[in-house]
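Sharing a sequence plus its predicted fold:
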2 protein chains.
Amino acid sequence: MIPSSVPHPPSSFSGHRFRAVYHLLGDEPTARARAEDICIEETIEYPPELVPEGVIRTHVFGRIESFEKIDNGRYRAIISYADEITGIELPQLINVLFGNISMKPGIRLVELDLSGTLLARFKGPRFGIEGVRKLLGVEKRPLLATATKPMGLSASELAQMAYQLALGGMDIIKDDHGLGNQTFAPFEERVLRTVEAVAKANAQTGHRTLYLPNVTGPFETMLERIHFAKTAGATGLMLIPGHCGLDFLRRVADDETIALPIMSHPAFVGSYVLSPDFGVSHRVLHGQLLRLAGADFSVMPNYVGRFASYSREDCVGIAEGCTHPMGTLRPIFPAPGGGIGPDSFADMLDVYGRDVVYLVSSNLHRASPDLTATTARFRERLEKL
Amino acid sequence: MIPSSVPHPPSSFSGHRFRAVYHLLGDEPTARARAEDICIEETIEYPPELVPEGVIRTHVFGRIESFEKIDNGRYRAIISYADEITGIELPQLINVLFGNISMKPGIRLVELDLSGTLLARFKGPRFGIEGVRKLLGVEKRPLLATATKPMGLSASELAQMAYQLALGGMDIIKDDHGLGNQTFAPFEERVLRTVEAVAKANAQTGHRTLYLPNVTGPFETMLERIHFAKTAGATGLMLIPGHCGLDFLRRVADDETIALPIMSHPAFVGSYVLSPDFGVSHRVLHGQLLRLAGADFSVMPNYVGRFASYSREDCVGIAEGCTHPMGTLRPIFPAPGGGIGPDSFADMLDVYGRDVVYLVSSNLHRASPDLTATTARFRERLEKL
């Protein structure tokens, strides 16, 4: 039983609240019931009728700030929550935004509108668009990125591939997300050889190609791999939040001793966005949450290519989530990939703007065995956009 | 370009392969194309026509082992993968099973059939059903569990609640998953007071009520919180893999210096299961993957209660995923909750069997302000099942 007295000093709650926007399926009473359910399920998760008047009811309950019809069968609700119920910790913030209700149908988290006070407690991306452009010495044009692959090549072969790509003027080379610590291309050997290969190419070309190894792995090894990569000379990192958790990405981004740009890979998290009727919007999943956690690049499927499940509108949402004002958090690069090529570059510019990373692999390899020449040609196309 | 020579010693690949079962939407050509796509997307993620004959084609490519019709518009494929492409690391194993294809529609991962060689590399649950029963001294009956809540109570109030619940003979008391390190009930104070309260009740009753604090939080703090809880006398832990990642759960389960039973909470991961047309099956998400990672309990929505999105059949799948033979991995407890009460106990027994944890909170609080009496009554109901 809840004591009816108010045990908290008034200072437990500042009155600051953050907001989240949900789409709710159903007719008006159904959708409204879903909104009311969110206010309880995401906070006290307890019979509301048993909670007396007082601090919990006033501050801890979610609060419907607005509720409006989108069309027949779909409503839009803005719900606010007290900053303090998150404990100012990212995992608990996500619990509040979309914890238990992730298991309920007809509810989609479509946008975050965090308060200034809460946002100010997160550092966000260390580099962001501006910081990455400075590292690369590239002011305005879209960036070109690729991955070394296929899995199964040896560390030497992957490094040799990176060398050819860097020679052609590739801006960013990352490990394929499937490269972990397999016997055929062990992590440390792969990183050492690839760092060396990219540095050699950079010395020849004067470019500043970045190399971002995939440091996702068992938790006993990740910080070790990260520091190994940094010490070896890697100029960025790739993490897969679907495996390491968004908060691990935040922890790495916040760490002064690491201080490298972070690319986030979306493996394992696609199920959140695939249905418009539940889950999390593309904007939130591939944009706002990653930016809150501190990613500098969001790798994502593109509307043209082999991930036909993402629409042009979805991708616009991601680009906005990556770049639209969000407190003092730096804007970050959307990095669309998945079967794109130069034929899509111009059209993609309309969707993403110039602050975009074109992640091209399959079509680069398909074009010619001469990866250096193809990279140079793709980059030229991109410089002329 | 891929060298046509075979650079790997034959020993890079043992020939051991594990299998995964997928449901694929579409007519036969569409579904078959999806199966073929999985073989590439989850492994080399590279144009297959550019890969010459050799080790990569033979070993690294996924392989369709069977393909059969379920009904019009749905097919079932079994796809095998070489053990070695996982690097024997859980994050990369999940990449292979359901990494990039999580972003593609019409593909659902419905069951894991890992090879003995791969499974043998994972320790799995440290306690499992048998180990937890030994800790509790309860041989055969279903177990009764609850959470202290609502969020907003002080540490003292939560501890007092735990005391009342333990006095009534509750088997397991966990923190509500929304309890992190909020100012109104800070983690350390909450754990210290609750451990003390439960120990006091145990001393009075002779029961061995377990207390599992939620140790999920920022990555800088989690191991600290875990060791604090262990030192304080907590007799189990709760983790939320949606935030900390499945591999962090594995890391904690594997750690000899922790050695406490682990309850997994499903916050934030519901979107994987909600559509039968994509994502991951209930069996895999709430059963097999958790068991592989080493959870001893899988908290999950029940088919009766406030998560109406889970069907009886879904819950049977979870129970099977938790308990059906899976190499040498111990079977674990499904812990259905979300608005259940004694009226459902008997029916739930048909679905889960006796190796189940009934997670009851709201209906326990609704029944009476006397939590001790209600707990005793619920437990009595359960002992008579």
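Received the coordinates, thanks.

For the rest of this, base every contact and every neighbour count on C-alpha atoms.
Noted.

packing partners for the helix or strand hosting A:I173?
Using DSSP states H and E, A:I173 falls within strand A:172-175. Here strand A:172-175 touches strand A:143-148, helix A:155-167, strand A:210-212, going by 3 or more Cα pairs under 8 Å, 6 or more residues apart in numbering or on different chains; DSSP states H and E.

quick one: which of those is nearest B:L158?
Nearest of those to B:L158, taken as Cα to Cα: strand A:210-212 at 46.0 Å.

Off-centre distance for that closest one?
18 Å (Cα atoms, centre = their mean, to the nearest Å).

what's the answer for stretch A:327-346, then?
12 Å.

Same check on stretch A:127-139?
The answer for stretch A:127-139 is 18 Å, by Cα atoms, centre = their mean.

Return the set of buried residues in that stretch.
A:127-133, A:136 (16 or more other Cα atoms under 10 Å in any protein chain shown).

Please list the outside residues in contact with that stretch.
A:140, A:171, A:207-210, A:261, A:295-297, A:330-333, A:355 (Cα atoms under 8 Å, 6 or more residues apart in numbering or on different chains).

do the same with stretch A:153-168
So stretch A:153-168 is contacted by A:148-149, A:173, A:184-186, A:189-190, A:193-195, A:197-198, A:200-202, A:204-205, A:209, A:371-376, B:1-2, B:7-8, B:56 (Cα under 8 Å, 6+ apart).

before we move on, what about stretch A:221-239?
By Cα under 8 Å, 6+ apart, stretch A:221-239 touches A:174-175, A:187-188, A:191-192, A:195, A:210-216, A:249, A:258, A:260-265.

and stretch A:350-359, is it in reach of chain B?
No. Stretch A:350-359 stays clear of chain B (Cα under 8 Å from any Cα of the partner chain), getting no nearer than 13.3 Å.

In PDB, list the C-alpha atoms belonging to that stretch.
C-alpha atoms of stretch A:350-359 as PDB (Å, rounded to 0.1, in the frame of the first residue of the first chain):
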ATOM      1  CA  ASP A 350      17.600  15.800 -52.200                       C
ATOM      2  CA  VAL A 351      16.800  13.600 -49.300                       C
ATOM      3  CA  TYR A 352      19.800  14.000 -47.100                       C
ATOM      4  CA  GLY A 353      21.400  17.200 -48.100                       C
ATOM      5  CA  ARG A 354      25.200  17.600 -48.400                       C
ATOM      6  CA  ASP A 355      25.900  16.400 -44.900                       C
ATOM      7  CA  VAL A 356      25.600  12.800 -45.700                       C
ATOM      8  CA  VAL A 357      28.000   9.800 -46.000                       C
ATOM      9  CA  TYR A 358      27.400   7.600 -49.000                       C
ATOM     10  CA  LEU A 359      28.300   4.100 -48.000                       C
END
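
how far does that stretch sit from the chain's center?
For stretch A:350-359, the distance to the chain centre is 15 Å (Cα atoms, centre = their mean).

Stretch A:94-108 now?
Stretch A:94-108 sits 19 Å away from the centroid of its parent chain (Cα atoms, centre = their mean).

first vs last residue of it, how far apart are they?
14 Å (Cα to Cα, to the nearest Å).

Would you agree A:T374 is in contact with A:A367?
Yes. A:T374 sits in contact with A:A367 when judged by Cα atoms under 8 Å, with a separation of 6.9 Å.

Between the two, which is the more surrounded one?
Set A:T374 next to A:A367 and count neighbours by other Cα atoms under 10 Å in any protein chain shown: A:T374 wins out with 21 against 13.

before we move on, the earlier item: quick check: which of the helices and strands packed on strand A:172-175 is nearest to A:E41?
strand A:210-212 (39.8 Å).

Show the average pLDDT along that closest one.
Averaging pLDDT along strand A:210-212 gives 98.

for it, packing partners?
Using 3+ Cα pairs under 8 Å, 6+ apart, strand A:210-212 sits against strand A:172-175, helix A:187-205, strand A:237-239.

which parts of the last one are buried?
Of the residues in strand A:237-239, those buried by neighbour count under the rule 16+ other Cα under 10 Å are A:237-239.

distance of A:G15 from chain B?
14 Å (Cα to the nearest Cα, to the nearest Å).

Can you get me a residue count around the closest residue to that residue other than its chain neighbours?
In space, and not counting its chain neighbours, A:G15 is closest to A:A82: 6.7 Å by Cα to Cα, 6 or more residues apart in numbering or on different chains. Applying other Cα under 10 Å, we find 24 other residues in the vicinity of A:A82.

My read is that A:A82 contacts A:H59, right?
Yes. Here A:A82 lies in contact with A:H59, judged by Cα under 8 Å, at a distance of 6.1 Å.

Mutual contacts of those two, please.
With Cα under 8 Å, 6+ apart as the test, A:A82 and A:H59 both reach A:13, A:15.

related to what we said a few turns ago, name only those of the contacts of stretch A:153-168 that count as buried.
Among those, those classed as buried by 16+ other Cα under 10 Å are A:148-149, A:173, A:184-185, A:190, A:193-195, A:197-198, A:201-202, A:209, A:371-376, B:1-2, B:7-8, B:56.
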